[in-house]
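**Q** fold the following, please.
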Amino acid sequence: MTEKPLITSDALAALRGFLEQSPELEKHLGRIAHFVVVLDANMAVGDLLHKAKNPGVKQTKIEEITKSSVITLYAPTWLDKEMMSSTIPQAAKKGKVSEERLFALWADYKQIIVWNDNYTIPEQTAFRGDEKDIPYVALQKSLKAAAILSRDSDIEKLGGKRVDFEFIIHAQQYARSKAISVGLKIRGVFVGNIAVNLFIQILRGLGSLAGRLPDWTKLTVLILAVIAVVHPKSRAWIMDCLHGLGGLFASAWPEIEKLIDEASTNQVEADAALVEAEKLLS
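**A** Down below sits the predicted model:
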């Protein structure tokens, strides 16, 4: 039995780049979802507290989906000031966690953020509430970001779009399932083990003509072979080709079928998670 390949969500960023450079594959497999979001202080400090109290946690859900490229995390430089001056000291005292530990975690955590220095301090407003939220809403509007990751209802009172941890859960499920689905099709399995072998056999079958084929033609044949493998309607045709190429490839087809089914299952899961994430943004 074929073991399930270990394809983690952080591989999705590289797979995204691969698809963007392979228009034919991207057309057949579809684009990988991407959201621009703004990070609020209460969500950031929640992540820091989680890591401080659970030393075994290598990365939080927010860190994972950011590294997967499903979200790009933005913040005004005001966030850093707010974290350093009030949010971290208050959280350390309330959560009975070392303040120095939280500062150290923050120094590492903020590397995943794209910083915008247009909003360094809260502006004056007629709104009576938490004025510290103004830079986040202003940045969301200027970027046309999908939402602000925050637990603060004042965000919506200021006219901002807010999502909380529920969005993160769905985005993480999407990233994990999508990475497996796309990865099985183009990264380590179909391209590396199936399509390349099929490509070599096709060239061998062409005999002396193969040596006269230009590089772009060989690449086209390879891409078409990959598309044929991952396209459900082409399975019968590929099976006939494999029989014609010898028993080795024909006997491998049941394993290929398992990989295709695994990819399909994860694609269904990814689609479902994406629907739920987008509902929260609508």
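**Q** any idea how far Q267 is from V163?
**A** Distance of V163 to Q267, computed by Cβ to Cβ, to the nearest Å: 24 Å. Heads up, the C-betas are built off the backbone N, CA and C, glycines and all.
**Q** the helices in this structure, which residues?
**A** Along the chain, the segments classed as helices by DSSP state H run 11-20, 23-29, 41-53, 61-67, 77-82, 88-95, 99-109, 134-143, 154-157, 165-182, 196-206, 215-230, 235-245, 247-281.
**Q** okay, buried residues for the shortest one please.
**A** By neighbour count, with 16 or more other Cβ atoms under 10 Å as the criterion, the buried positions of helix 154-157 are D154, I155.
**Q** going forward can the numbers begin at 797, since that is how I track them
**A** That works, and once the first residue is 797, the last one we named lands at helix 950-953.
**Q** give me the mean pLDDT for that helix.
**A** Averaged across helix 950-953, the pLDDT comes to 89.
**Q** how about that helix as CSV, C-alpha atoms only?
**A** Provided in CSV are the C-alpha atoms of helix 950-953 (Å, rounded to 0.1, in the frame of the first residue of the first chain):
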residue,chain,number,x,y,z
ASP,A,950,-15.1,48.4,18.0
ILE,A,951,-13.5,47.5,14.7
GLU,A,952,-17.0,47.1,13.1
LYS,A,953,-18.3,50.3,14.8
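**Q** can you list the weak-confidence ranges in the chain?
**A** Across the chain, the ranges flagged by pLDDT under 70 are 797-802, 917-926, 982-1056.
**Q** can you list the domains in it?
**A** Following automatic domain parsing, one gets these domains for the chain: 811-815+826-967, 978-1063.
**Q** H846 contacts T856, doesn't it?
**A** Yes. H846 is within contact range of T856, at 5.9 Å (criterion: Cβ atoms under 8 Å).
**Q** which of the two has more neighbours?
**A** T856 (20 against 14; other Cβ atoms under 10 Å).
**Q** and the more buried one, its phi and psi?
**A** Per-residue torsions, T856: phi -80, psi 170 (degrees, to the nearest 10).
**Q** what separation do you get for it and S1078?
**A** Relative to S1078, and taking Cβ to Cβ, T856 is found at 25 Å.
**Q** ok, Q968 next?
**A** Relative to S1078, Q968 is positioned 19 Å away (Cβ to Cβ).
**Q** which one of these two is surrounded by more residues?
**A** Between Q968 and S1078, counted using other Cβ under 10 Å, Q968 has the larger neighbour count: 20 against 5.
**Q** you'd agree that one is up against E859?
**A** No. Between Q968 and E859 there is no contact under Cβ under 8 Å: 10.3 Å.
**Q** what's the nearest residue to Q855 if we skip its chain neighbours?
**A** Excluding its sequence neighbours, the residue lying closest to Q855 (Cβ to Cβ, 6 or more residues apart in numbering) is K863, at 7.3 Å.
**Q** swap that for V866, please
**A** Spatial nearest neighbour of V866, chain neighbours left out: A971 (4.6 Å); criterion: Cβ to Cβ, 6+ apart.
**Q** so who does that neighbour touch?
**A** Residues in contact with A971 (Cβ atoms under 8 Å, 6 or more residues apart in numbering) are S805, L808, E860, I861, S864, V866.
**Q** and G956, by the same measure?
**A** With Cβ under 8 Å, 6+ apart, G956 has these contacts: D929, Y932, V933, Q936, K937, A943, I944.
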